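[1] Sequence first, then the predicted structure:
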Amino acid sequence: MLLSLALAAASVASFDPLRFFAGETRGTATLKVVLRKGQPVSVRGRGRIDRDGVLTLDQIVTEGDKPPRPRHWRLRQIAPGRYAGTLTDARGPVTGVVEGSTLRLAFVSTGGFRVRQTLTLQPDGRTLANRLEARRFGFRVAVLTERIVKLS
């Protein structure tokens with residue numbers, strides 16, 4: 001029992017977001033926009049780490065009754081625990097910091113919202129809890145809560 005707890009703690013402590021998203025992932029979420037009913041969101045992802053160490057992550061996002069749409073990430077480590085990249089849903093750069101088992105991402109969406117995303121690796125090492133908040137003029141206008149599972 002003690003050994004399994006130590007192994008779980010070690011896997012969480014060494015969270016590497018690039019390796020987590022390399023391969024296939026699936027996310028199930030709820031998006032709650034202010035003054036609207038929450039709606040389901042699903043995300044299918046396939047990532048790879050290129051020769052230059054950059055994660056390329058291609059996703060298909062289905063939000064409520066809307067048709068599925070593609071989303072693309074490129075993320076690289078720029079210093080220990082620090083990341084930078086691009087996202088098709090972002091206007092300008094994406095920045096990230098890993099602290100223990102948590103990755104915090106920040107960017108401005110193409111719609112002008114300030115987005116803060118917190119992804120926390122769960123003790124099983126194959127699941128992330130994701131919470132995304134979008135703000136405009138300092139007010140929170142949307143929250144997404146998601147469970148992401150690494151499939152391969």
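    Sure thing, it's come through.
[2] Please report the number of neighbouring residues for Val141.
    By other Cβ atoms under 10 Å, the residues close to Val141 number 16. In this view, the C-beta of every residue, glycine as well, is placed from N, C-alpha and C.
[3] likewise Gly47?
    21.
[4] Can you name the helix or strand that it falls in?
    According to DSSP states H and E, Gly47 maps onto strand 39-49.
[5] Spit out the contact partners of the residue nearest to the spatial centre of the chain.
    What sits nearest the mean C-alpha location of the chain, by Cα atoms, centre = their mean, is Leu119, with 5.7 Å. Contact analysis of Leu119 by Cβ atoms under 8 Å, 6 or more residues apart in numbering lists 17, 102-105, 128-130, 148.
[6] now do 6 Å
    103, 128, 130 (Cβ atoms under 6 Å, 6 or more residues apart in numbering).
[7] Tabulate these (JSON lines), appending distance to Val115, secondary structure and neighbour count.
    Output for these, formatted as JSON lines (distance: Cβ to Cβ, whole Å; DSSP: H, G, I helix; E, B strand; the rest coil; neighbours: other Cβ atoms under 10 Å):
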{"residue": "Leu103", "distance to Val115": "14", "secondary structure": "strand", "neighbour count": "23"}
{"residue": "Leu128", "distance to Val115": "17", "secondary structure": "strand", "neighbour count": "23"}
{"residue": "Asn130", "distance to Val115": "12", "secondary structure": "strand", "neighbour count": "18"}
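[8] how far away is the residue nearest to Pro68 when sequence neighbours are not counted from Pro70?
    Excluding the flanking residues, the one nearest Pro68 by Cβ to Cβ, 6 or more residues apart in numbering is Thr62, at 4.6 Å. Thr62 is 11 Å from Pro70, where distance means Cβ to Cβ, to the nearest Å.
[9] and if you look at Arg48?
    As judged by Cβ to Cβ, Arg48 and Pro70 stand 16 Å apart.
[10] So for these two, which residue has more residues nearby?
    Counted by other Cβ under 10 Å, Arg48 and Pro70 do not tie: Arg48 has more neighbours, with 13 against 9.
[11] who touches stretch 75-89?
    By Cβ under 6 Å, 6+ apart, stretch 75-89 touches 53-55, 71-74, 93-98, 109-110.
[12] Now list the buried members of those residues.
    54-55, 73, 94, 96, 98, 109 (16 or more other Cβ atoms under 10 Å).
[13] following the strand holding Gly47, which helix or strand comes up?
    Following strand 39-49 in sequence, per DSSP H and E, is strand 55-63.
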